[in-house]
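Q: what's the 3D shape of this:
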Amino acid sequence: MNAKHLLLGTAQWGWTVAQEEAFRLLDAWLAFGRCAMDGATNYPINKHPADFRLAERILLEYIRAHGLSHLQLTLKIGALDNLRTPEANLSPSFVRMMTAEYKRLFGDNLYAIMIHWDNRADPVAIADTVHALVESCREEGLRPGLSGIRHPEVYAPIVQRLNTDFDIQLKHNVLHSDLPRYAPFERHRHRWFAYGINAGGLKLSGDYPPHSTLKARGGDPSLADAVLSAIREALPRWNTAAVRPPVVDFYQIGLLFAAGHPHIDGIVLGASSVAQLRQTLDFWRDVETFDYTDVWEDLSRIAP
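A: As a prediction, the model looks like this:
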């Protein structure tokens, strides 16, 4: 399994994850020796305008309270609200302004700035944005990145001409993967990070209470019936094939499906409680220790 980089996601902070629990997650994350985190201007995307940029405010409060200075924060810019509208501002001046603003707020904790929420297809406008991002990141000593862009095929030749490696985030789970859309990119040059690995909070068994992540996001678990049935059918085979910790929960499926892919270099974890985070990192240790190749190969055939 080649996925080495883990980032703690903040998409649900201030929504299904209260501020106090977010602080506990950060306590646990740092105690595990981890320091990489992921955020965005429009987190949480809960359609409450007052919560726009709330997740980053929670993170900033924690950093200032603890005097932290050597984290690795990836922050994504572009969205103008958290209402799930397609609106974004990715003009060169805005990209430069937000990069400088985040550097001022987070200092040496800032690691990467990503273009986010871009639905444009205009190559001229996109080229202006990308050039502004690369120049701003170079000036501030940051990595440039992309996340949630609608037209990777327009971005790819622009990025290629710059001869600069990017961190690129994309959705990748057993129900949907954006990897094929990013095929125009030079895969070897960039670092690829999977998000949404749990497909919005799916479970192999049990109900979904109203406060669950899947229900909060308006998900429909019935759409995954065929995939979940195939996974349940395969579980006995996976769990008797070798002496290794068993696969029993969907979060393990998400980790294995992302970690086993040869083009995925890292994973954004969306744990909503300290208990979930500990379970995830415990299983991650198992993934790094034991051979789950057969599970990944089966999942690759099961996935649509």
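Q: just the helices in the stretch 1-150 of the chain please.
A: For the stretch 1-150 of the chain, helices defined by DSSP state H, counting those that start in this stretch occupy the ranges 19-31, 54-66, 92-106, 123-140.
Q: pull out the buried positions in the first one.
A: For helix 19-31, the neighbour count (16 or more other Cβ atoms under 10 Å) marks 21-23, 25-26, 28-29 as buried. (Each C-beta comes from the backbone N, C-alpha and C, glycine too.)
Q: including distance to Gln169 and mean pLDDT, could the helices of the stretch 1-150 of the chain go into JSON lines?
A: Putting these into JSON lines (distance: least, Cβ to Cβ, whole Å; pLDDT from 0 to 100) gives the following:
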{"stretch": "helix 19-31", "distance to Gln169": "18", "mean pLDDT": "98"}
{"stretch": "helix 54-66", "distance to Gln169": "16", "mean pLDDT": "98"}
{"stretch": "helix 92-106", "distance to Gln169": "17", "mean pLDDT": "98"}
{"stretch": "helix 123-140", "distance to Gln169": "14", "mean pLDDT": "98"}
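Q: and the ones you listed: which comes nearest Thr280?
A: Thr280 lies closest, by Cβ to Cβ, to one member of these: helix 19-31, at 10.6 Å.
Q: what are the contacting residues of that closest one?
A: Contact partners of helix 19-31, identified using Cβ atoms under 8 Å, 6 or more residues apart in numbering, comprise 8, 10, 13-14, 17, 35, 37, 55, 58-59, 62, 271-274, 277-278.
Q: on the three-state scheme, the residue nearest to Val130 when sequence neighbours are not counted is what?
A: Counting by Cβ to Cβ, 6 or more residues apart in numbering, Val130 lies nearest to Ile158, which is 5.2 Å off, once chain neighbours are set aside. Each residue gets one of three states, and Ile158 gets helix by DSSP: H, G, I helix; E, B strand; the rest coil.
Q: now for Ile231, how many residues are close by?
A: Using other Cβ atoms under 10 Å, Ile231 has 22 neighbouring residues.
Q: for it, give me its contacts.
A: Neighbour list for Ile231: 174, 204, 253, 299, 302 [criterion: Cβ under 8 Å, 6+ apart].
Q: just how off-centre is stretch 247-257 within its chain?
A: Here stretch 247-257 is found 16 Å from its chain centre; the criterion is Cα atoms, centre = their mean, to the nearest Å.
Q: to clarify, my last question referred to stretch 245-252.
A: Centroid separation between stretch 245-252 and its chain, computed with Cα atoms, centre = their mean, is 20 Å.
Q: ok, and what's touching it?
A: Everything outside stretch 245-252 that qualifies as a contact, by Cβ under 8 Å, 6+ apart, is 198-199, 202-204, 235, 238-239, 253, 256, 276, 279-280, 283, 286, 290, 292, 295.
Q: what are the buried residues along it?
A: Burial within stretch 245-252, assessed by neighbour count using 16+ other Cβ under 10 Å, is assigned to 247, 249-252.
Q: tell me which of those is nearest to Leu223?
A: Phe250 (14.2 Å).
Q: backbone phi and psi for the closest residue to His151 other than its chain neighbours, please?
A: With Cβ to Cβ, 6+ apart as the measure, Ala121 is the residue that lies nearest to His151, at 4.9 Å, once sequence neighbours are left out. Note on Ala121: its backbone torsions stand at phi -120, psi 0 [degrees, to the nearest 10].
Q: cool, Ala11 as well?
A: For Ala11, the backbone dihedrals are phi -60, psi -30 (criterion: degrees, to the nearest 10).
Q: OK, contacts around it?
A: 40, 43-45, 55, 270.
Q: one more time with 7 Å
A: If you count contacts by Cβ atoms under 7 Å, 6 or more residues apart in numbering, Ala11 has them with 43-44, 270.
Q: now a ChimeraX select for only the buried ones of the residues you listed.
A: Filtering the contacts of Ala11 down to the buried ones (16+ other Cβ under 10 Å) takes a single ChimeraX command:
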select :43,44,270
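Q: dump the contacts of Ala11 to a markdown table, plus distance to Ile113.
A: Output for the contacts of Ala11, formatted as a markdown table (distance: Cβ to Cβ, whole Å):
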| residue | distance to Ile113 |
| --- | --- |
| Tyr43 | 15 |
| Pro44 | 20 |
| Gly270 | 21 |
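Q: good, wrapping up.
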